[in-house]
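In: test case, fold it:
(chains A and B)
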Amino acid sequence: MLQKPRGTRDFLPDEMEARRAVEWRLREVARRWGYREVCTPEFEDLELFTMRSGEGIINEMYVFEDKGGRKLALRPEITAAVIRMYINEAKVAPKPLRWCYYADCFRYERPQKGRYRQFWQFGVELIGADSAIADAEVIMLASDMLDTTGVRYELKVGHLSFVKTLLKDVEPETQRKIRQQLDKKDFEGLEQTLDEMKKPDLAESLKTLVATQNLSEAFEIVGAIPERERIEQTIGYLDAAGIMYSLNLGIARGLDYYTGIVFEGFADNLGAENQILGGGVYRLAHLFGGDDVASCGFAIGFDRVMVSLGETARTKDTVAAIVCTPETRNRALEVARAFRSAGIRTEMDLMDRGFGQQLSHAAKTADFAVIIGQREAASGEVTLKDLHTGEQKTVTLDAAVAGVVASGSRG
RNA sequence: GCCAGGGUGGGGUAGUUGGUUAUCCUAGGGGACUGUGGAUCCCCCGACCCGGGUUCGAGUCUCGGCCCUGGCCCCA
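Out: Numbers count the residues shown, from 1 in each chain, chains lettered A, B, ... in the order given. A predicted model of the protein is given here:
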């Protein structure tokens, strides 16, 4: 038997409905904040991704050559494509741009819990607003969006300037290493690295920095930094808005293009792959030949959110099953159309089942049976049977539709 | 890329020291039933992940691969 490709998944209707429900809640929150949806190609020039991250990531991407010999890649993330799109199509649009997207991405990695080779991200990008309130808005939106999914999470907010300032005399390669060690709280490795550099005194400062929840203390450690006022303002807005977050100045993020505030969200009931959100302030456009516009954005790992939510109760469609005889089928089609026009999911027997079998099947798959036999066809009424309670009554078509609609709004 | 545990009808399972046509439940389809439902009875459908090896004989032993689950690594 043919298998689906490694790391991909099939979604049956129940799961799709659950996913769409969460997806639409996210979209609705984004809409309320003014973030409008965009869509970029599923594949891009390979260069778009290597320009930013280096050739190394080719190993972790789906890369292919098309019939014209172009080197292409399935998108491993969306931010680069959105910024390319901004430069191509929207450079002169009134700033700021508030965009969001929901899209699948592809990475060639070893699958495990919460990590798949095709996965979905819901993200936002705020382009062209370079201010404390802009940074705060994106973090507040992140918080709002995670809240609406119902997932239980922790939001960590940091800023790259602290560590960068402390390490400003350190060569880039070592900086990278130290930031990773900080991110992982690998203090032994950190001390070793600093010893090798003959700067053991830095270890204490760095360790205090990543542990502190106190912004003033952090500023004392690093001394004067130009971003101080903006950071204080951003944090001030978050506090005033009552956003639940914790300060974590050791957040490294993977990439060098982040320049300011960074933040990450973690689900509290997942295993190794528990990061469900990541984002920050970055400058990327100039890499792709655009202006040096400041942007701030984040992406939510949609699949991990769904894993974290688990088998939560799903909103179920109310289903009406039409039960009829061959002679009354035309009338039944008319009745079905009335139910569908009222927004009710309505299904008819397609297998020439007998009357009793239709009911038997309806009892398994529907909430209501709408019975149209000879008697109902003659009188112009329908018999509406509530399949949960067993109650039934013969009423007008309008009354039957109204009854089913009312039960749907109930619950 | 590394480590561990797995893979028998759609789902869940049994399968003895290797031994006939692979067990049971469930789901699905058909029938009985003929205008009131999940019952009952009958019938049908449908599986040993793939390939090599050992053997008279492999679901079972062995090797390789594929896939799944969890962890490491990485994480744009």
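
In: checking the residue nearest to A:Asp183 when sequence neighbours are not counted next. Helix, strand or coil?
Out: Spatially, and ignoring its direct neighbours in sequence, A:Asp183 is nearest to A:Ala252 (3.8 Å; CB to CB, 6 or more residues apart in numbering). Bear in mind the C-beta positions are built from the backbone N, C-alpha and C, glycine included. Put simply, A:Ala252 is coil when judged by DSSP: H, G, I helix; E, B strand; the rest coil.

In: what's the answer for A:Lys168, then?
Out: Using three-state DSSP, the structure places A:Lys168 in coil.

In: check the offset of the strand or helix carrying A:Thr148 from the chain's centre.
Out: Taking DSSP states H and E as the criterion, A:Thr148 maps to helix A:132-149. Offset of helix A:132-149 from its chain centre (CA atoms, centre = their mean, to the nearest Å): 13 Å.

In: which positions in that helix come out as buried?
Out: Within helix A:132-149, the residues that count as buried by 16 or more other CB atoms under 10 Å are A:132, A:134-146, A:148-149.

In: just stretch A:275-295 next, same as before
Out: Buried, per 16+ other CB under 10 Å, within stretch A:275-295: A:275-285, A:287-288, A:293-295.

In: on that earlier part again, how about the buried residues of helix A:132-149, which pair is most distant?
Out: Greatest spatial distance in the buried residues of helix A:132-149: A:Ala132 and A:Thr149, 26.9 Å, computed using CB to CB.

In: host element of A:Trp120?
Out: Using DSSP H and E, A:Trp120 falls in strand A:118-127.

In: strands paired with that strand, and their directions?
Out: strand A:97-106 (antiparallel), strand A:295-301 (antiparallel) (DSSP bridges).

In: which one of those strands is the most hemmed in?
Out: Of all the strands paired with strand A:118-127, strand A:295-301 carries the top mean neighbour count, a mean of 26, counting by mean count of other CB atoms under 10 Å.

In: just how off-centre is that strand within its chain?
Out: On CA atoms, centre = their mean, the centre of strand A:295-301 falls 9 Å from the chain's centre.

In: ok so, going back, what's the closest of the buried residues of stretch A:275-295 to A:Ile371?
Out: Ranked by distance to A:Ile371 (CB to CB), the buried residues of stretch A:275-295 are led by A:Ile276 at 47.8 Å.

In: how about the contacts made by the closest one?
Out: A:146, A:151, A:153, A:265-267, A:270, A:300-301, A:304-305, A:308 (CB atoms under 8 Å, 6 or more residues apart in numbering).

In: give the contact list for the residue nearest the centre of chain A.
Out: Geometric centre of chain A, nearest residue: A:Phe122, 3.1 Å, by CA atoms, centre = their mean. Listed by CB under 8 Å, 6+ apart, the contact set of A:Phe122 reads A:23, A:26-27, A:100-102, A:145, A:299-300, A:302.

In: A:Gly189 now?
Out: Counted by CB under 8 Å, 6+ apart, A:Gly189 has contacts A:Gln181.

In: chain center to the host helix or strand of it, what's the gap?
Out: Following DSSP H and E, one finds A:Gly189 within helix A:187-196. Put simply, helix A:187-196 sits 37 Å off its chain's centre (CA atoms, centre = their mean).

In: quick one: buried residues of that helix?
Out: Neighbour-count burial for helix A:187-196 [16+ other CB under 10 Å]: A:190-191, A:193-194.

In: show me what from the stretch 51-200 of chain A comes close to RNA strand B.
Out: Within the stretch 51-200 of chain A, the positions near RNA strand B by CB under 7 Å from any atom of the strand are A:53, A:57, A:60-61, A:76-77, A:79, A:107, A:109-115, A:180, A:184.

In: for PyMOL, write a command that selects the buried ones of those residues.
Out: Buried residues among those (16+ other CB under 10 Å), as a PyMOL selection:
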select buried, chain A and resi 53+57+61+76+77+79+107+114+115
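
In: now do the same contact list for the residue of the stretch 101-250 of chain A found nearest RNA strand B.
Out: Nearest residue of the stretch 101-250 of chain A to RNA strand B: A:Lys113, at 2.8 Å (CB to the nearest atom of the strand). Going by CB under 8 Å, 6+ apart, A:Lys113 touches A:270-273, A:307.

In: tell me the secondary structure at A:Val323.
Out: strand.

In: that one: neighbouring residues, count only.
Out: 25 (other CB atoms under 10 Å).

In: before we move on, the earlier item: and the buried residues of stretch A:275-295, which is closest to A:Arg228?
Out: A:Val281 (15.1 Å).

In: would you confirm that the closest one contacts A:Asp135?
Out: Yes: in this structure A:Val281 lies within contact range of A:Asp135 using CB atoms under 8 Å: 6.0 Å.

In: tell me the domain boundaries of chain A?
Out: Taking automatic domain parsing as the criterion, chain A consists of the domains A:13-309, A:319-410.
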